[in-house]
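[1] below is the sequence, then the predicted model.
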Amino acid sequence: DGGITQSPKYLFRKEGQNVTLSCEQNLNHDAMYWYRQDPGQGLRLIYYSQIVNDFQKGDIAEGYSVSREKKESFPLTVTSAQKNPTAFYLCASSISFGGAETQYFGPGTRLLVL
Amino acid sequence: GNSVTQMEGPVTLSEEAFLTINCTYTATGYPSLFWYVQYPGEGLQLLLKATKADDKGSNKGFEATYRKETTSFHLEKGSVQVSDSAVYFCALTRQAGTALIFGKGTTLSVSS
């Protein structure tokens, strides 16, 4: 079955710690995205990648970093500079970037601060 | 700037009631419009979309028509079921080659 997997389902971060959220897709999609979801806020774009070895900042990139070394993988690191990291993080992919392309979402990772 | 505004929830309905969730947008050019649905504890999935004015998207009994004159893309369903309980997001693309902009979501709760 093709799809997007995210791990872990729940992640706990200690003060000053960097944590990495995994996102893998086997849909052969060029574009991948990371969103943050907060209650009542909708989804906000953190980073996106149009193609392997390329990525751009979204609307709320501060305190986050990404890499795109493989087409299938787009991990997100939440750094200690992100002062309010508690949220639900969603990864998505699409055949190509933007336009009318459907985005396919993973099941999400919930990040909590200890 | 470009934006999406959805009616605030929660929307609470009885089974078989008629559903409307309002969505209006502000955008330059001719955006594509989407409705995504998020069931409890899951990621989002596309419900329907429309790519040009007067297009009607439909899926699973849900419909929405792209109205450029009123800049709206309201979601409707004639008879809701308990299984339709979810959060519904209206979204648009700013223009070709850019990412989606989402509304804040509307929570629908259907009781039997």
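    Yep, that arrived.

[2] so where's chain B uncertain?
    Scanning chain B for pLDDT under 70 picks out the ranges B:95-97.

[3] residue of it nearest chain A, please.
    B:G43 (3.5 Å; Cβ to the nearest Cβ). Backbone N, C-alpha and C define where each C-beta goes, glycine included.

[4] show the contacting residues for the closest residue to that residue other than its chain neighbours.
    Using Cβ to Cβ, 6 or more residues apart in numbering or on different chains and skipping residues adjacent in sequence, the residue nearest B:G43 is A:F105, 3.5 Å away. The neighbours of A:F105, taking Cβ atoms under 8 Å, 6 or more residues apart in numbering or on different chains as the test, are A:I4, A:L90, A:C91, A:A92, B:Y36, B:G43, B:L44, B:Q45.

[5] any idea of the pLDDT on A:F105?
    With respect to pLDDT, A:F105 scores 94.

[6] what's the answer for A:Y10, then?
    Value for A:Y10, per-residue pLDDT: 94.

[7] please apply the same query to the one 4 residues further on.
    For A:K14, the pLDDT comes out at 89.

[8] my guess is it meets A:L112, correct?
    No - under the criterion of Cβ atoms under 8 Å, A:K14 is not in contact with A:L112, lying 10.6 Å apart.

[9] what about the residue of chain B closest to chain A, distance to B:F18?
    28 Å (Cβ to Cβ, to the nearest Å).

[10] ok, B:S109 next?
    15 Å.

[11] neighbour count for the two, which is higher?
    B:S109 (14 against 10; other Cβ atoms under 10 Å in any protein chain shown).

[12] parallel or antiparallel, list what pairs with the helix or strand harbouring the more buried one.
    Assigned by DSSP states H and E, B:S109 belongs to strand B:106-111. The strands that strand B:106-111 pairs with in its sheet are strand B:11-14 (parallel), strand B:86-93 (antiparallel) (by DSSP bridges).

[13] redo those as CSV? Include distance to B:G103.
    As requested, these are exported to CSV (distance: least, Cβ to Cβ, whole Å):
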stretch, distance to B:G103
strand B:11-14, 14
strand B:86-93, 4
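
[14] which of the ones you listed is buried the deepest?
    strand B:86-93 (a mean of 24; mean count of other Cβ atoms under 10 Å in any protein chain shown).

[15] what about the next helix-or-strand element following that strand, near chain A?
    Remark: after strand B:86-93, the chain's next helix or strand is strand B:100-102, criterion DSSP H and E. Yes - shown here: strand B:100-102 in contact with chain A (Cβ under 8 Å from any Cβ of the partner chain) through B:L100, B:F102.

[16] and strand B:100-102, which residues are buried?
    Of all the residues in strand B:100-102, those buried under the rule 16 or more other Cβ atoms under 10 Å in any protein chain shown are B:L100, B:I101, B:F102.
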